[in-house]
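Trainee: Fold the following and give me the result.
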Amino acid sequence: MKRSVCIFLLLLIFINIAGMAQDASSGTENLPDTLKQLVEKAKTKDQITQAWLEISNHFLNQNEFQKASFFTDKTISLALKQNQKRLLADAYNTKGIIFDYQGLIPEAIDFYLKSLNIREQLGNKKDIGSSLNNIGSGYYFIQAFSKAELYFNRSLDIFSKLKDKKSMADAYSNLGSVQQQTGKYNMALENHKKSMHLHLSLKDEEGIATTLSNLGVVYSDLKKYDSSLIYCKQALQLRKKYHNDQSLSQSYSNLARIYLDINKIDSAYFYGKIALALSKKILSREGQRDDYQTLSEIETKKGDYKSALNHLKSFIALSDSLLNQENKEKIATHVVQFEFQKRQYQDSTRKAEEKKREQLKNQIIQQEKQRQMNIQYSGIVFFIMIVLGSIFFIQRIHLPVIWIEGFIFFSALLLFEFLYLFLDPSIDKISGGMPIYKFGINMILAILIFYAHSFFENLLKTKLIKKE
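Mentor: Residues are numbered from 1 along each chain as shown. Here you go, the predicted model:
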């Protein structure tokens with residue numbers, strides 16, 4: 001029998017190890033050696049799941065979204081199977097970022113909300129702030145600015161309490177961008193400057209470049225073109241250090257618009273052509289659409305109507321394509337919002353039911369407690385009545401006077417203690433828990449009991465001693 005049990009336990013251990021080995025090896029065939037080593041070095045279940053998540057983030061950073069999505073799905077599957085909540089929340093967040101980068105914003109928001117729900121259960125404030133910021137960014141890109149501002153403010157509140165300067169700077173920057181879109185230019189400038197102050201204290205040049213660009217755009221909207229050009233050119237010079245095509249495309253596009261607004265056509269055309277080339281390179285449909293529109297306006301002012309018409313056609317084609325996509329996204333967004341609101345309603349209903357059950361449970365406990373107290377009070381009263389009643393029978397017993405006096409004193413003491421115990425909750429309520437008031441009320445009660453005790457003691461002693 002013992003031998004069979006040992007064999008069974010060994011078999012279970014073998015199956016478990018084999019399952020972990022399969023989780024660790026499956027899907028590594030076509031990975032580079034450096035990524036394979038991440039999985040091969042993993043020993044525990046958590047380490048294996050973490051390794052797959054790192055691989056998905058690696059491909060995300062390389063803009064290889066299909067591979068990133070594949071490995072993220074693998075991470076989610078493992079995390080669900082093994083109930084690894086922290087890793088599941090991280091994987092949902094990564095999946096949201098993948099959709100975000102692909103312009104699939106409603107899908108991104110859905111996964112950000114899933115991640116937030118788990119992170120709120122786990123209670124890690126930094127992770128919660130990050131999810132709130134991501135959700136705000138998603139709503140910003142679908143132009144749901146009021147919701148975006150709400151989530152950015154919530155994330156800023158968390159990061160401020162954590163004194164996380166980098167995250168605070170990003171939150172201020174995001175708030176400024178939302179406020180610029182809603183015409184709150186003074187608030188936008190204030191928040192961008194707060195972001196700049198934090199980025200400067202951290203010596204974060206990429207963050208500084210982004211904030212300079214944001215300030216330039218706000219000043220452009222205010223038609224303060226001199227200030228706008230200064231900030232946008234400073235942003236471009238910093239961004240050239242990092243060769244980030246997406247941010248460079250944005251800087252060139254901003255400069256093209258500003259020069260067009262101040263009627264410097266040659267400069268506008270120079271920056272517009274570079275911006276369009278970079279937008280094509282990074283496959284940004286929104287960037288290409290905006291750059292085609294800018295170039296069409298520039299070429300119209302130059303008198304190059306043929307090129308202007310071609311660029312206008314390209315702008316219209318991309319606009320139609322994006323409009324259809326935006327309509328789909330709006331429908332999907334409504335679905336996401338409905339699901340989120342439904343989940344909130346279900347949560348609030350569940351919490352209300354739990355509260356109701358808890359109140360009922362407490363009520364039953366209180367009733368049972370009161371019942372037990374009543375039984376105990378009744379027992380005490382019955383005992384005191386027996387003691388008091390027995391006084392009238394001791395006259396038949398020949399006892400010394402000192403014994404009779406002691407018995408009467410003991411009976412009065414019992415009565416006093418019972419009254420004190422019985423009236424204490426009421427005294428506490430009347431006095432409000434203040435010691436001086438309780439002391440005063442107890443002193444009055446003691447005096448009354450003292451005189452009552454003296455009266456009955458003299459009466460009983462006289463009677464009993466005479467009998468004696």
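
Trainee: got the CA positions of the host helix or strand of residue 270 in PDB?
Mentor: Element membership of residue 270, judged by DSSP states H and E, is helix 265-281. Output of helix 265-281 as PDB, limited to C-alpha atoms (Å, rounded to 0.1, in the frame of the first residue of the first chain):
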ATOM      1  CA  ILE A 265       5.500  78.800 -48.000                       C
ATOM      2  CA  ASP A 266       9.000  77.500 -48.900                       C
ATOM      3  CA  SER A 267       9.800  76.600 -45.300                       C
ATOM      4  CA  ALA A 268       6.300  75.100 -44.900                       C
ATOM      5  CA  TYR A 269       6.900  73.000 -48.100                       C
ATOM      6  CA  PHE A 270      10.300  71.800 -46.900                       C
ATOM      7  CA  TYR A 271       9.100  70.600 -43.500                       C
ATOM      8  CA  GLY A 272       5.900  69.200 -45.000                       C
ATOM      9  CA  LYS A 273       7.700  66.900 -47.500                       C
ATOM     10  CA  ILE A 274       9.900  65.500 -44.700                       C
ATOM     11  CA  ALA A 275       6.900  65.000 -42.500                       C
ATOM     12  CA  LEU A 276       5.000  63.000 -45.200                       C
ATOM     13  CA  ALA A 277       8.000  60.800 -46.000                       C
ATOM     14  CA  LEU A 278       8.400  59.900 -42.300                       C
ATOM     15  CA  SER A 279       4.600  59.300 -41.900                       C
ATOM     16  CA  LYS A 280       4.800  56.900 -44.900                       C
ATOM     17  CA  LYS A 281       7.800  55.200 -43.400                       C
END
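
Trainee: Helices of the stretch 351-468 of the chain, start to end?
Mentor: 401-431, 435-467 (DSSP state H, counting those that start in this stretch).

Trainee: I meant to write the stretch 201-350 of the chain there.
Mentor: Under DSSP H, counting those that start in this stretch, the stretch 201-350 of the chain gives helices at 205-221, 225-239, 245-261, 265-281, 285-302, 305-391.

Trainee: Nearest to residue 134, out of those?
Mentor: Across the helices of the stretch 201-350 of the chain, residue 134 has its closest neighbour in helix 305-391 (13.7 Å, CB to CB). For every residue, glycine as well, the C-beta is placed using N, CA and C.

Trainee: distance of residue 121 from residue 251?
Mentor: Relative to residue 251, residue 121 is positioned 41 Å away (CB to CB, to the nearest Å).

Trainee: how about the residue nearest the centre of the chain, what does it touch?
Mentor: Nearest to the mean C-alpha position of the chain, by CA atoms, centre = their mean, lies residue 128 at 3.7 Å. Applying CB atoms under 8 Å, 6 or more residues apart in numbering, we find residue 128 in contact with 116, 119, 120, 158.

Trainee: Name the nearest of those relative to residue 245.
Mentor: Residue 245 has its nearest neighbour among the contacts of residue 128 in residue 116, at 30.8 Å by CB to CB.

Trainee: out of everything not next to it in sequence, what's closest to the closest one?
Mentor: Spatial nearest neighbour of residue 116, excluding adjacent residues (CB to CB, 6 or more residues apart in numbering): residue 131 at 3.9 Å.

Trainee: Would you agree the one you found is in contact with residue 93?
Mentor: Yes - the pair residue 131 / residue 93 is scored as a contact, 6.4 Å apart, by CB atoms under 8 Å.
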